[in-house]
Structure formats: structure tokens, C-alpha cells
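Asker: Return a 3D structure for these sequence lines:
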Amino acid sequence: MSFAVRCLRDECWQQALQQPLTWPVMLRVIRWYSWCASLALIRSSRATSSGFWGRHRPTVRPGSRDSSRDSSPALTYPRRHRHLGKVDLASFQQLVNRPEGKVLETVGVFEAPKQHGKYETGQLFLHSVFGYRGIVLFPWQARLYDRDVASPVTEKSENVAGHGSKEVKGKTHTYYQVLIDARDCPHISQRSQTEAVTFLANHDDSRALYAIPGLDYVSHEDILPYSSTDQVPIHHELFERFLMYDQTKVPPFVARDTLCAWQEKNHPWLELSDVHRETTENIRVTVIPFYMGMREAQNSHVYWWRYCIRLENLDSEVVQLRERHWRIFSLSGTLETVRGRGVVGREPVLSKEQPAFQYSSHVSLQASSGHMWGTFRFERPDGSHFDVRIPPFSLESNKDEKTPPSGLHW
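Answerer: Coordinates of the predicted model:
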């Protein structure tokens, strides 16, 4: 941070300390501090326009009014910031015009995001993109294959409709298995599926798939940690089954034996190992594949995968997803093409206010491995279209086929 920026920031805080801590004063402090932090980030990293405190104000998503325990709103915050100290969450809620008749309540106190190391089991957080409240269950170490790191020359040599031949080196990246607060699920259902983590049912079960509601995977940089004095700060049917309150610990929620046993038994079907990312025309596509297991059907083996996709608009221009175009290659030698309108029955709009959409889908092959790649077609406000690459990813079945998914087996 430059000397001039530091002076502006320090002057802002000094002026604030000399006045009563009213909401207008706090608003001015946060805006000044955010503007200074944004300048520092722009200078140091030449970040894109995907979000700074100085540009994007938080928006309020009112929480469920049915709960007698806590009717606190869930907050949506910008994706990039690294200059937050401990701040009362209710203070940020006052920065926006609250709907008439709605009462804002304190849900906790922000903590500084971790630049190094991992968040512990029991860490409360707000999702920086989707704004829901959640709690960390355990971390996963994944390999992130970011195709945006490649040189511009290599980028241009690749065909947008093909899966390309670019070699991408993976780097270690931390993700977390988390629980989503059930009060926030209705307010994020249009932007992120809350039943995205699915399992194959047992052979004697008539259902093909079943889901665990309110279970998600969150990248380290999407975690906005906070603390709360509430002994049950997250409403989820598995919260008290997986975690218990211990005021002597930091964070004060520790894993029960049931969580450890569930993680161990379901590890092969929950594990997140590879993450693929690529940006085209300011639309970033992130893909995470998961192997689900094998089932026998009509004297043949059918292998199943689910894949989670996040679409992010890094620009201010509003765009809408119109079509998908998949190419699915099987180790058996078959190449399948799949085209269709939208994804999972939707044609999401990505705007400055709601820049992201996340969904999960499934694919099955009669071979133990394969590859997928393709494109999404987006439409601009003027009616023009452009294609966005889906980074190629492998479908691998490197798990023990003799061990069926345990699902919710304790």
C-alpha cells in the first residue's frame, strides 16, 4: 500500500475516532477504508473488475422468519477483499436500505480471513459469492488446473469448440466440506443448488440417486469467517449430529465421533481431488468432477460421475446462458455429442448484482474412464452470442469398486 493511501486511510480512522460511532460515521469509515484497500489491490495485483468494497455494496437477503431462534439475514458480500478486521455484522447490514418492516439482528463478528493455513472444523463463515451462512466440517486438498495461467499465444492457438491440447500444471488448493444454514437455502436456490451433493443409492434401493440437502464444497478464498456466541448458530439437521459446542475451543464447535466416522466411510465418494478452471470473454467456468461408483445394468457395468459447475461473470455487462454443447469421450472409443437449451432446465442471467450460478449434473459411461469438454453459448443484451469454453476434465474411477457408497450410514 502506498504512502498516500496509508495516509488517507489513517486520516479516515482518526476522524472517526473523534466522533460518536453512529451509522453515518461507520458508513463513511468503511467506504474510505474500502476505497483505500481497493487502490492498494489494484496497484498490487491489477485485479479485474469482479468486485471491491469500493464498488460493490453488500446486499441483504432476509432470512427465514419462521425460526424462533434467529431471524438474522444472510448477507451477500463482494468476492475479493483481504482487509477486514473484526467488525460487527450488523454494522454492515446497516449499510444498505433495509426493507420496510424488517428487523436486522446481529449474527456475529467478522474475523480476518486467513491468508495462510486452513480453517478448522467448526469455523463459521459467510459465503463471499452466494451469501449464505455455513460452517466448516473438514478440508479437502485438491489440484487446481487453471488454464488462464497459460500464455496468450497458447490461448489463441486453441479451438473454442474443441478440448484443445494445452498442458496445464496443477497446484494445490484447499476446499472445504460445509453445511449450509437451512434458513438461507430458499434465498440462494435460484443461483446455487442446495441439493448438489448426490450419491448412488444402494443396489436394493429403488431410487437411482439421493441427495444430502445443504451440503456444499467451498473454496478457501470464498470463506468470510465470523464468530458467534450462539450455541446453535447454524440451522441444519446434521449440525448437532456432527458438531458439539465447547466454549474452551477456538472455534467453539468440535467434531463429534459421528462426523469422523461419516467422513471415513464416505471418503471415496465425497473426496474432491481435481478442479478445472478457464475464462473466456470474462466468463469464468469452474468444473469439479466426482466419481460416484459403478452399478450393473443389463449384464454390463455402468460408471457414474457427478460434476459441479460454477459460472461467474467477471464483467459488468449482463449476459444470459442460452445453450450447452458437450462432447463426451469414453475409454471404450465412443464419442457422444450433447446439445440443449440452458442447464438443468434454466437459462441463468449473470449480472453485476448476481454474477454467479452454480449447478450439478451427472454423466454415466459403460467404461471406467473418459473425458468431457465443451462450450456454453451466452447472449448479450444486443442479441449477439458468444461461446465460452468448458475446460476439459477427466472422468476417472480410481476407487475400490467393491466398496459401495455408504451415503448417510453412521
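Asker: Gly214 contacts Ala182, doesn't it?
Answerer: Yes. Using Cβ atoms under 8 Å, Gly214 makes contact with Ala182 at a distance of 5.9 Å. Placement of C-beta: from N, CA and C, glycine included.
Asker: Show me the helices in this structure, by range?
Answerer: 3-17, 23-45, 89-93, 152-156, 185-188, 239-242, 257-270 (DSSP state H).
Asker: And Gly214 and Ala182? Which one has more around it.
Answerer: Using other Cβ atoms under 10 Å, the more surrounded residue of Gly214 and Ala182 is Gly214, with 24 against 20.
Asker: since we're on the nearest residue to the more buried one once chain neighbours are set aside, how many residues are nearby?
Answerer: Closest residue in space to Gly214, ignoring its immediate chain neighbours: Ile180 at 4.2 Å, by Cβ to Cβ, 6 or more residues apart in numbering. Close neighbours of Ile180, defined as other Cβ under 10 Å, add up to 25.
Asker: how far away is Ile180 from Thr194?
Answerer: 6 Å (Cβ to Cβ, to the nearest Å).
Asker: intersection of neighbour lists for the two?
Answerer: Common contacts of Ile180 and Thr194 (Cβ atoms under 8 Å, 6 or more residues apart in numbering): 188, 214, 216.
Asker: where do the contact lists of Gly214 and Ala182 overlap?
Answerer: 236-237.
Asker: so Trp326 sits right up against Thr337, yeah?
Answerer: Yes. The pair Trp326 / Thr337 is scored as a contact, 7.1 Å apart, by Cβ under 8 Å.
Asker: Which one's more surrounded, those two?
Answerer: Trp326 (17 against 9).
Asker: ok, that one - contacts?
Answerer: So Trp326 contacts 336-339, 372-374, 390 (Cβ under 8 Å, 6+ apart).
Asker: Apply 6 Å and report the result again.
Answerer: Shown in contact with Trp326 (Cβ atoms under 6 Å, 6 or more residues apart in numbering): 338, 374.
Asker: Relative to Thr106, how far out is it?
Answerer: Taking Cβ to Cβ, one finds Trp326 at 46 Å from Thr106.
Asker: Report the beta-bridge partners for the residue nearest to Gly214.
Answerer: Taking DSSP bridges, one obtains Gly134 as the residues bridged to Ile180.
Asker: per-residue confidence for it?
Answerer: On the pLDDT scale, Ile180 is placed at 96.
Asker: cool, and Thr59?
Answerer: pLDDT at Thr59 comes out at 39.
Asker: And for Ser189?
Answerer: Looking at Ser189, the pLDDT reads 87.
Asker: who's in contact with it?
Answerer: So Ser189 contacts nothing (Cβ under 6 Å, 6+ apart).
Asker: try 10 Å
Answerer: Glu195 (Cβ atoms under 10 Å, 6 or more residues apart in numbering).
Asker: what's the distance between it and Tyr359?
Answerer: From Ser189 to Tyr359 the distance is 11 Å (Cβ to Cβ).
Asker: Show me the shaky parts of the protein.
Answerer: Residue ranges of the chain with pLDDT under 70: 1-102, 150-166, 202-207, 398-410.
Asker: and it, what are its domains?
Answerer: Following automatic domain parsing, the chain resolves into domains at 1-47, 48-396.
Asker: doesn't Pro225 make contact with Gly117?
Answerer: No. With contact defined as Cβ atoms under 10 Å, Gly117 does not count as touching Pro225 (11.8 Å).
Asker: Mind checking which of these two has more residues around it?
Answerer: More neighbours surround Pro225 than the other of Gly117 and Pro225, with 20 against 8 (other Cβ under 10 Å).
Asker: His301 against Leu331, yeah?
Answerer: No. Counting by Cβ under 10 Å, His301 does not reach Leu331; the two are 12.0 Å apart.
Asker: For those two, list the residues in contact with both.
Answerer: 365-368, 397.
Asker: buried subset of those residues?
Answerer: For the shared contacts of His301 and Leu331, a burial check counting by 16 or more other Cβ atoms under 10 Å picks out 365, 367-368, 397.
Asker: Could you dump those residues into TSV with distance to His235 added?
Answerer: Formatted as TSV, those follow (distance: Cβ to Cβ, whole Å):
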residue	distance to His235
Leu365	39
Ala367	42
Ser368	41
Ser397	36
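Asker: tell me which of these is nearest to Leu238?
Answerer: Ser397 (27.8 Å; Cβ to Cβ).
Asker: For burial, what's the neighbour tally of Glu105?
Answerer: 12.
Asker: Against Phe125, how distant is it?
Answerer: 18 Å.
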